[in-house]
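[1] Could you look at this predicted model? Sequence included:
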Amino acid sequence: MGLLSTGALVSGCNGSQSALNPYGAPAIHLENLIIGIVALSAMIWLLVMVMLVLALRRGRGAETEGRTSEGRLTMTVSAAVAVTVAIIAGMTIASFFTTRSIGVPQSAAVTITVRAQQWWWQVIYAGSDGTPTFQTANEIHIPVGQDIRLQLESADVVHSFWVPSLAGKQDLVPGRSNDLLLRAEKPGIYRGQCAEFCGLQHSHMAVMVVAEAPSDYARWITSQRADAMMPADPDAASGQAAFLAKPCAACHTVRGTQATGTTGPDLTHIGSRQTIAAGLLETTRGSLAAWIADPQTLKPGNNMPMVPLTSIELQNISAYMESLK
Amino acid sequence: MRAVADREGVRDTGMEAVELDRRLAATWSTPPGLWGALSTVDHKIIGRRYIVTAFVFLALGGVLALLMRLQLAQPEARFVGPDRYNQIFTMHGSNMMFLFAVPVMQAMAIYLVPLMVGTRNIAFPRLNAFSYWMYLAGGLLLWIAFAVDTGPDVGWFAYVPLSGPQYAAGKRADIWAQMITFTEVSALAIAVEIVVTVFKQRAPGMSLDRIPLFVWSMLVTSFLVILAMPAIMIASTSLILDRLVGTHFFNPAEGGDVLLWQHLFWFFGHPEVYIIFLPAVGMVSSIVATFTQRPVFGYLAMVMALIATGVLAFGLWVHHMFVAGLPRLGESFFTASSMAIAVPAGLQIFCWLATIWAGRPIFKTPFLFVIGFIVVFVIGGLTGVMVASVPFDTQVHDTYFVVAHFHYVLVGGAVFPLLGAVYYWFPKLTGRMMSETLGRWSFGLIFSGFNLTFFPMHILGLQGMPRRIYTYQPEMPWSGLNMFISLSGIVLAAGFLLFFIDAIRSARSGPVAPANPWGASTLEWATSSPPPSYNFARLPVIERLEPLSDRSDPLGIVEGLYTDRRELLITGVVEARAQARESSVGSSIWPLLAALATSAMLIWSIFTPWAVVWGSIPIAVALIGWFWPKGDPEDET
């Protein structure tokens, strides 16, 4: 099948985003179902095409031949309908069992809340047994080999969470809470993006799922729970001061400082994330500076305004952001 | 036929053919000039107008598609910005569904159904004229809004809350919702006309089992329109109310529900697909019968399949909402019902194949489009079975896979048959033949261009490309296929261009067509090409399913109708026995005035709710003028 081999060419480990490159149990079940149904459908199509060609050729030169009796035609058509019914029933049953296998189990090891907003993903790790809750954005870390329950909510319009290499998609609907089973069998970064049209920047609303060994995951959790580091180098320290003095802090939180805005993503550990602006740019000092200097050119229509800064302020704030590991 | 009570007037009994034509023409013709054009109620003039307008919208929608392909050919292209792109894809979808696909199918019915059932005009001719003006106004509203950068930008299904008061500022979403109202009104009007025409105006003797399959398909389609459109009417009206007067139908914060919109929309939106597809089934049946030189195999099975599809169409809407978070058990029911619709669809395909098998195919352009239809539509049907499966759908929903799927269904399943139908019925509509050479070229280009453009989209979808994105990042593995698709789109566009050139050229200077150029056997071919204003000089009497199939046994005719007034024969629903003679209304300007008044009220109501109050006054005036008693005597039974 040309269709399937093309999919296999896509690189697997880094940022895979393909239903044909599954790395998690739900996506693997789905791929099996997809391959099965596509293969069966391809055979049916070929069969119909063979019939069509035969019918066309037969009629073309068959002026003298005896015509098929209506009775035989009726038998053939009835048999074809019966086969259709059987195939349909088979596919319905196969799909029913696959649905059961991708359901969210009660016993999920971790529950993570994902709250979609125009046009980024707020990710909330609830504290269990007294540990504090923390937030991150556009990047979800999960331990490999464990069932993860995502609780999906929306702050504004309908979005859809879709990381095809790990699971099928699920909408995030305002006023409702949906569940999705996420599971990765191998460490790696799996990319996803919003699948339900959600406005101007629907195209730039990516999410990274970072699956890591349980020990790495535990380490990540610990570091994320901690408040932001105080900047060590002088540039970053002036950057922090500028950040707090400018409107930045009105929308963003950096835990451990006076910045407690909640409109934009929590920046406490932004330097540790792979990307900024929901998968738009790799996190570097340069890309941070470019983003802060002119967010509306890079992602037109997004909710971050351009804040007037001197070039020194811009450099320092970028340094500060980068230092927030 | 018997003559009943006496009336002052001239009957056609025993009249010379020339004299009869002269008298009927005097009674039925639309007066020349602008006034005649604006006040005509001739179903053929209105049908032709409707078809031409719908094809203009097709061309405009196609241009939008090309703009999208230009933008998507390369990653992070800056050719069109997100704001304009969102308007473009919303316009493309809304335009193709509401201004092209549904109206063009109904327009074909407006023209053909009265001819195929052997009557002189459609039922409610003034409503028919009103319908066209409403449709035109709705189309102009949408396109003028787009031209001044106020085109809707919320997608053709306008999900709330994105289309609600909080997230869609300005008037863009209102324009969309009100355009829906215009097309609803016009579509409902035609549906009612078709149902009544088919039930009460068939030629005597055309019992239910002698109705041509195209007419059956339009009858079922009309019932779908009547049952499905109220859902979208409720939805779009509630949306306007939410936006204009602050109701909270769809606002979860105030007890409204976001998914309510999706249920209402898709309760209409899924039958909509069959509203587009079933007429195409009728067209394919007509073409297959003519070009295999035998009746379609399994007439009863075909009719049952049409009705079954129509019923099942209302039980599948949830498959558009499989990832919205509904209860799983309910979703499994909708998987089963969605897959079940493959059975009547399969049955139809098998019946056509059996017809071709048993017939002697003639490979003219209309038949080529039917062959293309079978090849393409079977793929669309099978991918339809795929997306009917809940788990399969979780991976492909809202991706390019679905974009590929519905283009295979709608273009393959409806536009291919429609183009075949245009080549087939063109001589009847215009009196001229289209070019067979250009027809073959345009079929070849459209068929190959279509498949090269849309097949790769299945792969893109599985590779994770969502639909409705205005761009994608260079690191995604999609640029190669996207470039390929955009280039293929040029081939497809060239095919359509050739089709338009052929149609325009042939309408002016194509070879003159005889009454029945293809040797077809349905009634519309029994009259001249194009038909006279009164359709048939003498109404036919039908004795078999294919009235023209036996040349040695000419059509029976009705005698005794008046020639000095527009007179129709009313017949029974089942056996089509003559029941009454009824006058059909003449030209009137009131439908146009009523449409203008209604349009003014609807557009005004985007801006203030008071428009509904004050805007109703001119509508009332127009309707009073429209329905003012004409002083005709009661129709005779």
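    Structure received.
[2] Give me the below-cutoff pLDDT ranges for chain B.
    Across chain B, residues meeting the criterion (pLDDT under 70) sit at B:1-7, B:631-637.
[3] Do a quick rundown of the strands in it.
    Assigned strands in chain B, in chain order: B:540-541, B:556-557, B:567-571, B:578-583 (criterion: DSSP state E).
[4] which of those strands sits most buried?
    strand B:567-571 (a mean of 23; mean count of other Cβ atoms under 10 Å in any protein chain shown). C-beta coordinates here come from the backbone N, C-alpha and C atoms, glycine included.
[5] Which strands or helices does it pack on?
    strand B:578-583 (3 or more Cβ pairs under 8 Å, 6 or more residues apart in numbering or on different chains; DSSP states H and E).
[6] circling back to that earlier point, could you redo the strands of chain B as JSON lines and give each row distance to B:Asp153?
    What follows is these, written out as JSON lines (distance: least, Cβ to Cβ, whole Å):
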{"stretch": "strand B:540-541", "distance to B:Asp153": "52"}
{"stretch": "strand B:556-557", "distance to B:Asp153": "57"}
{"stretch": "strand B:567-571", "distance to B:Asp153": "47"}
{"stretch": "strand B:578-583", "distance to B:Asp153": "49"}
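[7] Between the ones you listed, which one is closest to B:Val113.
    strand B:567-571 (13.7 Å; Cβ to Cβ).
[8] mind checking the backbone torsions on B:Gln463?
    phi -80, psi 10 (degrees, to the nearest 10).
[9] Give me the neighbour count for it.
    25 (other Cβ atoms under 10 Å in any protein chain shown).
[10] Wait, it touches B:Trp478, no?
    Yes: using Cβ atoms under 8 Å, B:Gln463 is in contact with B:Trp478, at 6.5 Å.
[11] wait, which of the strands of chain B is closest to B:Ile180?
    strand B:567-571 (33.3 Å).
[12] And the contacts of that closest one?
    B:1, B:119-121, B:200-204, B:206, B:539, B:558, B:561, B:577-584 (Cβ atoms under 8 Å, 6 or more residues apart in numbering or on different chains).
[13] for stretch B:437-456, same thing?
    B:364-365, B:368-369, B:372, B:375-376, B:379, B:403-404, B:407-408, B:411-412, B:416, B:419, B:423, B:481, B:484-485, B:488-496, B:498-499, B:501-502.
[14] Close to chain A as well: tell me which of the residues you listed qualify.
    B:375, B:379 (Cβ under 8 Å from any Cβ of the partner chain).
[15] filter the contacts of stretch B:437-456 to the buried ones?
    Taking 16 or more other Cβ atoms under 10 Å in any protein chain shown as the criterion, what is buried in the contacts of stretch B:437-456 is B:364-365, B:368-369, B:372, B:375-376, B:379, B:403-404, B:407-408, B:411-412, B:416, B:419, B:423, B:481, B:485, B:488-489, B:491-493, B:495-496, B:498-499, B:502.
[16] Confirm for me that B:Phe373 is in contact with B:Leu419.
    No: applying Cβ under 8 Å as the test, B:Phe373 and B:Leu419 come out as separate, 9.3 Å apart.
[17] so where does the residue nearest the centre of chain A fall, helix or strand?
    By Cα atoms, centre = their mean, chain A has its centre lying nearest to A:Gly192, at 2.5 Å. Assigned by DSSP states H and E, A:Gly192 belongs to strand A:188-193.
[18] hmm, that strand touching chain B?
    Yes: on the criterion Cβ under 8 Å from any Cβ, strand A:188-193 is in touch with chain B at A:191-193.
[19] which among these gets closest to chain B?
    Chain B lies nearest to A:Gln193 out of the residues of strand A:188-193 next to chain B, by Cβ to the nearest Cβ, at 6.2 Å.
[20] A:Ile189 versus the nearest residue to the closest one once chain neighbours are set aside, what's the distance?
    In this structure, A:Gln193 finds its nearest non-sequential neighbour in A:Ala206, 4.4 Å apart by Cβ to Cβ, 6 or more residues apart in numbering or on different chains. Distance, A:Ala206 to A:Ile189, by Cβ to Cβ, to the nearest Å: 11 Å.
[21] Neighbour count for these two, which is higher?
    A:Ala206 (24 against 18).
[22] so where do the strands sit in the stretch 51-200 of chain A?
    A:110-117, A:120-125, A:134-137, A:139-143, A:148-154, A:159-161, A:170-172, A:178-182, A:188-193 (DSSP state E, counting those that start in this stretch).
[23] Would you tell me which helix is longest in chain A?
    helix A:25-61 (DSSP state H).
[24] chain center to stretch B:124-142: distance?
    Taking Cα atoms, centre = their mean, to the nearest Å, one finds stretch B:124-142 lying 14 Å from the centre of the chain it belongs to.
[25] buried sites along that stretch?
    Buried-residue list, stretch B:124-142, by 16+ other Cβ under 10 Å: B:124-139, B:141-142.
[26] before we move on, what about stretch B:434-452?
    B:434-435, B:438-439, B:441-443, B:445-447, B:449-452.
[27] one step back: mind putting the strands of the stretch 51-200 of chain A in JSON lines, distance to B:Asp153 and mean pLDDT included?
    Shown next, in JSON lines, are the strands of the stretch 51-200 of chain A (distance: least, Cβ to Cβ, whole Å; pLDDT from 0 to 100):
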{"stretch": "strand A:110-117", "distance to B:Asp153": "19", "mean pLDDT": "94"}
{"stretch": "strand A:120-125", "distance to B:Asp153": "20", "mean pLDDT": "96"}
{"stretch": "strand A:134-137", "distance to B:Asp153": "26", "mean pLDDT": "95"}
{"stretch": "strand A:139-143", "distance to B:Asp153": "29", "mean pLDDT": "97"}
{"stretch": "strand A:148-154", "distance to B:Asp153": "19", "mean pLDDT": "95"}
{"stretch": "strand A:159-161", "distance to B:Asp153": "17", "mean pLDDT": "98"}
{"stretch": "strand A:170-172", "distance to B:Asp153": "20", "mean pLDDT": "97"}
{"stretch": "strand A:178-182", "distance to B:Asp153": "26", "mean pLDDT": "94"}
{"stretch": "strand A:188-193", "distance to B:Asp153": "20", "mean pLDDT": "96"}
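[28] Could you list the contact residues of the stretch 401-550 of chain B toward chain A?
    So the stretch 401-550 of chain B meets chain A at B:458-459, B:462-464, B:466-473, B:475-477 (Cβ under 8 Å from any Cβ).
[29] if you set the cut-off to 7 Å instead, what comes out?
    B:458-459, B:462-464, B:466, B:468-472, B:477 (Cβ under 7 Å from any Cβ of the partner chain).
[30] need the helices for the stretch 251-400 of chain B, in chain order.
    B:258-291, B:299-312, B:328-340, B:342-358, B:365-388, B:390-396, B:400-407 (DSSP state H, counting those that start in this stretch).
[31] For A:Phe161, find the nearest of those helices.
    helix B:390-396 (10.8 Å).
[32] hmm, who's touching that closest one?
    Residues outside helix B:390-396 that contact it (Cβ atoms under 7 Å, 6 or more residues apart in numbering or on different chains): A:19, A:30, A:33-34, A:37, A:95, A:98-99, A:102, A:164, A:168-169, B:322-323, B:331-332, B:335, B:386-387, B:402, B:461-462.
[33] could you redo the last one with a cut-off of 8 Å?
    Residues outside helix B:390-396 that contact it (Cβ under 8 Å, 6+ apart) are A:19, A:27, A:29-30, A:33-34, A:37, A:95, A:98-99, A:102, A:164, A:167-170, B:319, B:322-323, B:328, B:331-332, B:334-335, B:386-387, B:402, B:405, B:461-462.
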